[in-house]
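Colleague: This is a predicted model, with the sequence first.
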Amino acid sequence: MHRRTTDTPECLGDPALNRADEVTFEGLLRAGRFDQGLFTDSGGVLTAVALPGDPAPGTTESFSFFDLAFPASLNRWGEVAFTVIL
């Protein structure tokens, strides 16, 4: 699930960058509430990739506490890969 956000997250870890200058990073939203999640920025458009409460693809679970087990990666097509503990 990808959705645009106008909030500005604080970067919490090492960002991943691809050849198209797109970036993905673990961040913390501070606008109105505190949500730790995974975000991408492509051409100045900030998108939330995964936030607490979002459904985890391919499961019946949702992300409850967001903590990346390993750094996220970003391929040349802008697809994000990440591992979390549900």
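Modeller: Here it is on my side, so go on.
Colleague: Next up, phi/psi of the residue minimising distance to the centre of the chain, please.
Modeller: Nearest residue to the geometric centre of the chain (C-alpha atoms, centre = their mean): residue 38, 1.5 Å. With angles defined as degrees, to the nearest 10, residue 38 sits at phi -110, psi 130.
Colleague: Next, the contact list for it, please.
Modeller: By C-beta atoms under 8 Å, 6 or more residues apart in numbering, residue 38 lies in contact with 24-27, 48-51, 66, 68, 72, 80, 82. Quick note: C-beta positions are derived from backbone N, CA and C, even for glycine.
Colleague: again, 7 Å this time
Modeller: 24, 26, 49, 50, 72, 80, 82 (C-beta atoms under 7 Å, 6 or more residues apart in numbering).
Colleague: what are the bridge partners for it, then?
Modeller: Residue 38 has the following beta-bridge partners by DSSP bridges: residue 26, residue 50.
Colleague: re earlier: residue 18: which of the contacts of residue 38 is nearest?
Modeller: residue 24 (8.5 Å; C-beta to C-beta).
Colleague: Excluding sequence neighbours, find me the nearest residue to residue 53.
Modeller: Of all residues not flanking residue 53 in the chain, residue 62 sits nearest, at 5.7 Å (C-beta to C-beta, 6 or more residues apart in numbering).
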